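Q: everything below, folded, please.
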Amino acid sequence: MPEFDAIADRRTVTLKGGGELSLSWAAVTHRGMRRELNQDAVLADYPLFIVADGMGGHLGGEIASASAVDRLGDLVRDGRINPKSIEKALSRAVKDIIAHPEATDDGTGTTVTGIFLETTGVEPTWVTLNIGDSRVYLLRDGTLAQVTTDHSVVQELIASGRLSPEEAENHPYGNVITRAVGPSESVHPDYIRLDVLDGDRFVICSDGLTKELTDFGIRHFLLENEDPQVAIEQMMQACLDNGGRDNISIVVVDVRRPGTRPPDLTDDDTDTAERGSARRPQTSISGASSPEADSAS
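A: Numbering: from 1, shown residues only. All right, here's what the predicted structure looks like:
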């Protein structure tokens, strides 16, 4: 049986507006069953949780994802996490990639996807960030929703109406992304703000997970396992049992905030068995907004 080591931790956060919230999380990454190298990297260090899926010839992808995670990890140690500092860190990561002699492939780069907890205001806020086709999912009130939108050729075809989600499953351009952190790419992620509600569970993952598990499968393992470490271990094992065609990285973050409760969601169609669907589910998430206007704060 394949072996993998998950990391897990927890934190109690005192809020400026009064009260506390408790976070628990777990993270794991694995090269899968068919790849010689693991070009993924993960960061799970409060208040920032990131998955980076590297790409590029030779060691390029491994270098790119590690550079991004290392630079973002510096922000955690410095205690300054906001969109402006994140973009500066990613710019430094690009310089690191360019300076590395083994990362000369034109296609060298990495996805960067994740969440961070913002506690500077009276009310705490989750902020998601995304470049590429790694994903953030949110399980709220029993419904799983994909929060981020893939930056991929297939997603653009779906959005324009030229491709259905069903046709996207085995599309030849399924692995082609339109944005990445790399020498010739923008380092400005998409951001979305979310309310912090009791019982929320986030999944941050590379596409190695969604190639092997449907949204229905991800939801199943979350609902069946309250412990985030057990949840990611079971998801990882299922991915490997299903073939493990790519590197696989999973982070699960759980929220406990007494006195808040999830609102009703408007739709339930994210509970779907579409394997690796690139579409963004139509479920609306209460309290979601884009922080583009204050991204320089």
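Q: now the helix or strand bottoming out on mean pLDDT in the chain: how far from the chain's centre is it?
A: Every helix and strand in the chain was compared by mean pLDDT, DSSP states H and E; the lowest is helix 165-168, with a mean of 73. Centroid separation between helix 165-168 and its chain, computed with C-alpha atoms, centre = their mean, to the nearest Å, is 22 Å.
Q: then it to CSV, C-alphas only?
A: Coordinates of each C-alpha in helix 165-168 appear next as CSV, following Å, rounded to 0.1, in the frame of the first residue of the first chain:
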residue,chain,number,x,y,z
PRO,A,165,-19.0,20.1,-18.9
GLU,A,166,-19.6,16.5,-20.1
GLU,A,167,-17.4,17.1,-23.3
ALA,A,168,-14.8,18.7,-21.1
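Q: which secondary structure elements does that helix sit against?
A: Contacts defined by 3 or more C-beta pairs under 8 Å, 6 or more residues apart in numbering; DSSP states H and E place helix 165-168 against helix 153-159. C-betas here are computed from N, CA, C, even on glycine.
Q: what's in contact with the helix it packs on?
A: With contact meaning C-beta atoms under 8 Å, 6 or more residues apart in numbering, helix 153-159 is reached by 133, 149, 163-165, 168, 171, 173-174, 176-178, 278-280.
Q: tell me where this structure has strands.
A: 7-14, 20-30, 40-45, 48-55, 109-110, 112-118, 125-131, 135-140, 143-146, 190-195, 201-205, 248-256 (DSSP state E).
Q: most tightly surrounded among those?
A: Ranked by mean neighbour count, the strands of the chain are led by strand 109-110 with a mean of 32 (mean count of other C-beta atoms under 10 Å).
Q: contact partners of that one?
A: Counting by C-beta under 8 Å, 6+ apart, 41, 52-56, 61, 64-65, 67-68, 97, 132, 180-183, 185 sit against strand 109-110.
Q: and the longest helix for this protein?
A: As assigned by DSSP state H, the longest helix anywhere in the chain is helix 60-78.
Q: what angle sits between it and strand 48-55?
A: Relative orientation of helix 60-78 and strand 48-55, computed by axes from the mean of the first three to the mean of the last three C-alpha atoms, to 10 degrees: 160 degrees.
Q: would you mark the buried spots in helix 60-78?
A: By neighbour count, with 16 or more other C-beta atoms under 10 Å as the criterion, the buried positions of helix 60-78 are 60-73, 75-76.
Q: repeat for stretch 169-187
A: Buried residues in stretch 169-187, counted by 16+ other C-beta under 10 Å: His171, Gly174, Ile177, Arg179, Ala180, Val181, Gly182, Pro183, Glu185, Val187.
Q: what's near enough to touch Lys16?
A: Here Lys16 is in contact with Thr119, Thr120, Gly121, Val122 (C-beta under 8 Å, 6+ apart).
Q: what sits closest to the spatially most central residue of the chain if chain neighbours are left out?
A: By C-alpha atoms, centre = their mean, the chain has its centre lying nearest to Ile204, at 3.2 Å. What sits nearest to Ile204 in space, not counting adjacent residues and going by C-beta to C-beta, 6 or more residues apart in numbering, is Val251, at 4.2 Å.
Q: where's that neighbour relative to Leu15, distance?
A: For Val251, the distance to Leu15 (C-beta to C-beta, to the nearest Å) stands at 23 Å.
Q: before we move on, the earlier item: out of the strands of the chain, which is closest to His220?
A: Closest to His220 of these is strand 143-146 (C-beta to C-beta; 9.5 Å).
Q: with that, I have no additional questions.
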